[in-house]
Structure formats: structure tokens, C-alpha cells
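> Please work out how this folds:
(chains A and B)
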2 protein chains.
Amino acid sequence: MSFKDLHKPGDPLLLPNAWDVASAAALAAAGFPAIGTTSLGVAAAAGIPDATGGAWPETLALAQRLARLDVYVTVDMEHGFSDDPAEVAEYAARLDGIAGDNLEDRHGDPRHHAQVIAAAKARAPHLFVNARTDTHWLGVDRTDTVDRLRAYVDAGADGVFVPGLVADRDVAVVVAGVPVPVNVLFLPGRTNVRTMVDLGVRRVSTGSFLFRAALGAALDAARSVRRGSAPVTYEIPTYQQVQDLVP
Amino acid sequence: MSFKDLHKPGDPLLLPNAWDVASAAALAAAGFPAIGTTSLGVAAAAGIPDATGGAWPETLALAQRLARLDVYVTVDMEHGFSDDPAEVAEYAARLDGIAGDNLEDRHGDPRHHAQVIAAAKARAPHLFVNARTDTHWLGVDRTDTVDRLRAYVDAGADGVFVPGLVADRDVAVVVAGVPVPVNVLFLPGRTNVRTMVDLGVRRVSTGSFLFRAALGAALDAARSVRRGSAPVTYEIPTYQQVQDLVP
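You can find the predicted model right below:
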């Protein structure tokens, strides 16, 4: 089954997002057929602020390593790491062995973002471009969400992503408004995956959730050692299990 | 207080081990005055098997980033990433802004490991060299543990580390046998920190425990999304909290 075919109506792609080889390999070993990256995780792991365009070297290095895994990999390209559509396209073309990428508009000029998408598709047509609009994520004007997404689909986007989209009615409007798979972000306690499926969503991704869960668990474990109490409640992989994850 | 002074009798250094900038920055923000690295975590994050000497570039890159944190950092140097003492010493000399390092003998020739330690101390005397013997860790002959450690101290080691050391009597023998701080590895359910303190241990480190806890929590979170149930029980940092960790 191709990466695109994993976006099935009624049986969507549940896409966990990794930030390094170990997390990606562990998720692949757990049976997820495709893995995304989280730009927050990739940037923070390297000590770089997210969404500032500074983590392209780390993103590319990780993509090259994840391409060796036996799963589909889609890469969070932030805003493209450049304002120049041709440069974004060159970056996308370097994602050898990768199935797709996310490109976010940051609620900037939708015509510019459409140009970025068109350039990326022209240069690297094999990549499934998931065009993200930040109208809901940034809590700004949401009225043109569908207009933006349609412009991105017209430019060649293979799917669309609206993080922050949670209300059933809003989801239904987006699904009805575009002819490509719709991706929503899983938000703990707010996103009901079953409901999203019923509404026609075809990809649910986890964004930085897993990365933040990992960081929280590590901190909790460190504090429990300091306190001398409170065993951690989740299953912890053994040393050998982690070693065996290395491709 | 210097890094060396943190190894206080009766109030030992509790040293959590990080694998990337985010985990180190989070641990520093949680009040730990010093952070170690875990070679398993650093290697696995990069898709490299641990303890094979292949992760020196990643170890150095991480050390350079962690040096910017406002805590002491000590670097897990595995076996030195080389069999040549002079080369290990050159590597150690590149650890600018770092407080110390671990060098493990892998239960090889103790005279060779003493040469490595002597070369590293001569070339980078400011580093607190924690000399590790793997007699207990590898489950091999343990009878020469103290002899090995004394040879490493004679070669210039500032502290000694015996992962796998858990029995009270074994700990007491090592503490009585060497004139420098003794480091034990925290093993969940097996290591009682209070008891270790009473026995004179002056450093308790977490090795790969936090890294494996993080990986386990991320997997658990991904599976909970797939199941559509089971909220994770630990506190998860927010996006902004992670962003704010970036130095």
C-alpha cells in the first residue's frame, strides 16, 4: 500500500511523530506503518527554537537516517526553512527515500504559500505534500481556512492539515471543502479519533505530543530518583530493546 | 561549588543523564546542578549502536551544545572512541566548557585503560575523569574490581564508577578500597539511594534510565492514541515549556 493509500476514508492514517532515530524506530517496531517528524522535537533536541527556520540541517540529517527505516516517513518542513519557493523546492528534493512533507503557511500570504507548494511539487513530485494552514493553530482569523486550503490543493498539495481544528462542525466544513485527505492534530482530551473518522478525517497526527510525553516521563523519572519514591508506571524498554531498535 | 565538590560524603551528587539538548535543559531547569550524558541515548538517537565507538561526532556535537547550559556537564565517552590513548586524550581536550567525562574499561586490559586515563588527564587536566570498570556490568570476573580502580586512580582518575554494583557489601568494599568518590548506577527497584549514601557512595547516576523512560512513555502515548483510551498519567510539558527550555 502506498503512503497516499494509507489515507483511507473510514480507516485513516494514525501518524505518530518522532524526533530522533530511536523514537522513530520504536514507533515503527510498534507497528505504525508511517512515521512523521515533529519540528518542535527535532529543534528542541538540537537546542534550537521551533518554527524559526533554523533547524534545516538537523531536519535533513534526521530524514536521511529515517529513510533507512522500513516505514513511510513524512518530514515536518516547518515553513520550508526559506521564504524563497525555489529554495524550499531544492530542500524538498534532497529528501531521498522520504514519502512526504508538511509545509505550513504560518497564516502568511496564501498566494506565496501556494507558490512554495507548486515549486516543491514541480521539483520533487514524488513527495506527498501536506499543506498546513495555521489559521486555527495561531488562533487568528479562521474564516478563510477553506479558501487557503483550496488554493494549496490547486497548487498541487496532496493533503491538507489544520492543527487546532477540533469542533465537529469546523472539521466537517473542511472535509467537505477540499477534495484531498484532511489531517487533524491529536490533542489529548480534546480530539476523539473515532469522531474524526466519522467526520471523514483521513490522517490524525500527534505533533509534538509524544516528544513532550517523553520529556515529561524523563523528568518524572529523574525526580522520582531524587525523591527516592514513586516507581514510574509505564513500561520502560530494556537496554537491549533500545539497542535492537537500531537499524 | 565546583563539580568535584558536588561529590559530597553524606550528600552525594545525584546525576541524571540526558541524551539531547531538550532533555538536558529540562533536567537543568528541574534544579539538578550537574547533568551527565548517556551513551546509549546519544547513540540510539542517532541510529548508532551503543558501545561500539561510532558516536564520537554526535557525542562531541552534543557536548558543544550542552556546554552552553548553566550546569556542570559530564560526558559519557564510552571506551574513549579509540584504542589509542593519545587519540582519546585529543578527544577529551575538545570538550570545551565541560566539567568531566566517563571512560569505561569494558573489562579489557587495566594497564591499557590506566594509560588512557593518564593520557586524558595530562592533555585535559581540568576534566574530572570518572574511571569506570565493567567488571560488574558485564557480569564477568569481579574479583579484581578494586585492583582495577586503584590502578585508574593511580593514573589520575578523579572518581570511579562501577555500574551494576548493588550489593551493600560490594559497595562497602569499593568505597573502602579507593580514595576518590565512588559512583554507582541507579537501577530501578534495586538501588536504594539512601542506603548508598550511608555506605559512602558520592555519586549516583541514572545511565540510560531516563532515556528509556522517555522512549517508553512516547510509545505508550502513541499506543493510547491508537487505542483511543488511557490518558497518560505523568505530567506532560506544554509546547511553550519545551520552547522555553531552549537556551
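
> give the contact list for the residue nearest to A:K4 when sequence neighbours are not counted.
Closest residue to A:K4 apart from its sequence neighbours, by CB to CB, 6 or more residues apart in numbering or on different chains: A:F128 at 5.7 Å. All C-beta atoms are positioned from the backbone trio N, CA, C, and that covers glycine. By CB atoms under 8 Å, 6 or more residues apart in numbering or on different chains, the contact set of A:F128 is A:F3, A:K4, A:T74, A:A99, A:G100, A:D101, A:D158, A:G159.

> So how do I select the buried members of these in ChimeraX?
The buried residues among the contacts of A:F128 can be selected in ChimeraX (16 or more other CB atoms under 10 Å in any protein chain shown) with this line:
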select /A:3,74,99,100,101,158,159
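
> For chain A, just list every one of the strands.
A:13-15, A:17-18, A:34-37, A:72-76, A:100-104, A:128-132, A:159-161, A:182-185, A:203-205 (DSSP state E).

> Figure out which of these is closest to B:V42.
For the strands of chain A, proximity to B:V42 was assessed by CB to CB; strand A:17-18 is nearest, at 16.4 Å.

> which strands and helices sit next to the closest one?
For strand A:17-18, the packing partners by 3 or more CB pairs under 8 Å, 6 or more residues apart in numbering or on different chains; DSSP states H and E come out as strand A:34-37, helix A:209-227.

> again, 7 Å this time
strand A:34-37 (3 or more CB pairs under 7 Å, 6 or more residues apart in numbering or on different chains; DSSP states H and E).

> between the contacts of A:F128, which is nearest B:V182?
For the contacts of A:F128, the residue nearest B:V182 by CB to CB is A:T74; the value is 48.1 Å.

> residues near the residue nearest to A:A122 when sequence neighbours are not counted, how many?
Leaving aside its sequence neighbours, A:A122 sits nearest to A:A89 (CB to CB, 6+ apart; 6.8 Å). By other CB atoms under 10 Å in any protein chain shown, the residues close to A:A89 number 21.

> Please apply the same query to A:D70.
With other CB under 10 Å as criterion, A:D70 counts 9.

> Same check on A:T143?
Count around A:T143 with other CB under 10 Å applied: 8.

> any idea how far it lies from A:T133?
Counting by CB to CB, to the nearest Å, the gap from A:T143 to A:T133 is 12 Å.

> again, but for A:A122
From A:A122 over to A:T133 (counting by CB to CB), the distance is 21 Å.

> Comparing those two, which residue is more hemmed in?
Just comparing A:A122 and A:T133: by other CB under 10 Å the higher neighbour count belongs to A:T133, 30 against 15.

> how near is the nearest residue to that one once chain neighbours are set aside to A:A86?
Spatially, and ignoring its direct neighbours in sequence, A:T133 is nearest to A:R148 (4.6 Å; CB to CB, 6+ apart). Counting by CB to CB, the gap from A:R148 to A:A86 is 22 Å.

> So the two - more neighbours on which side?
A:R148 (23 against 14).

> Can you name every helix or strand that the least confident helix or strand in chain A by mean pLDDT contacts?
The helix or strand of chain A with the lowest confidence, counting by mean pLDDT, DSSP states H and E, is helix A:239-245 at a mean of 70. When contacts are defined as 3+ CB pairs under 7 Å, 6+ apart, helix A:239-245 sits against helix A:21-29, helix B:39-45.

> try it again with 10 Å
Other elements packing on helix A:239-245 under the criterion 3 or more CB pairs under 10 Å, 6 or more residues apart in numbering or on different chains; DSSP states H and E are helix A:21-29, helix B:39-45, helix B:209-227.

> Include mean pLDDT, distance to A:D105 and mean neighbour count when you put these into JSON lines, please.
As requested, the helices and strands packed on helix A:239-245 are arranged in JSON lines below (pLDDT from 0 to 100; distance: least, CB to CB, whole Å; neighbours: other CB atoms under 10 Å in any protein chain shown):
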{"stretch": "helix A:21-29", "mean pLDDT": "94", "distance to A:D105": "26", "mean neighbour count": "25"}
{"stretch": "helix B:39-45", "mean pLDDT": "94", "distance to A:D105": "30", "mean neighbour count": "28"}
{"stretch": "helix B:209-227", "mean pLDDT": "91", "distance to A:D105": "26", "mean neighbour count": "25"}
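
> a markdown table for these, including distance to B:G200?
Formatted as a markdown table, these follow (distance: least, CB to CB, whole Å):
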| stretch | distance to B:G200 |
| --- | --- |
| helix A:21-29 | 35 |
| helix B:39-45 | 26 |
| helix B:209-227 | 22 |
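
> next one: phi and psi at the residue nearest to A:A28 when sequence neighbours are not counted?
In space, and not counting its chain neighbours, A:A28 is closest to A:V71: 4.4 Å by CB to CB, 6+ apart. The phi/psi pair for A:V71 (degrees, to the nearest 10) reads phi -140, psi 160.

> What separation do you get for A:V71 and A:G159?
18 Å.

> Surely A:G41 touches A:R212?
Yes. At 8.2 Å, A:G41 and A:R212 qualify as touching, with contact defined as CB atoms under 10 Å.

> Find the residues that touch each one of these two.
B:A22, B:A218, B:V242 (CB atoms under 10 Å, 6 or more residues apart in numbering or on different chains).

> and the gap between the second one and chain A?
Per CB to the nearest CB, to the nearest Å, B:A218 is found 4 Å from chain A.

> got the contact list for that residue?
Taking CB under 10 Å, 6+ apart, one finds A:16-19, A:22-23, A:26-27, A:30, A:41, A:206, A:209-218, A:234, B:232 in contact with B:A218.

> before we move on, what about A:A63?
A:37, A:42, A:73-77, A:91, A:94-98, A:101.

> Check what pLDDT it gets.
If you check A:A63, the pLDDT there is 98.
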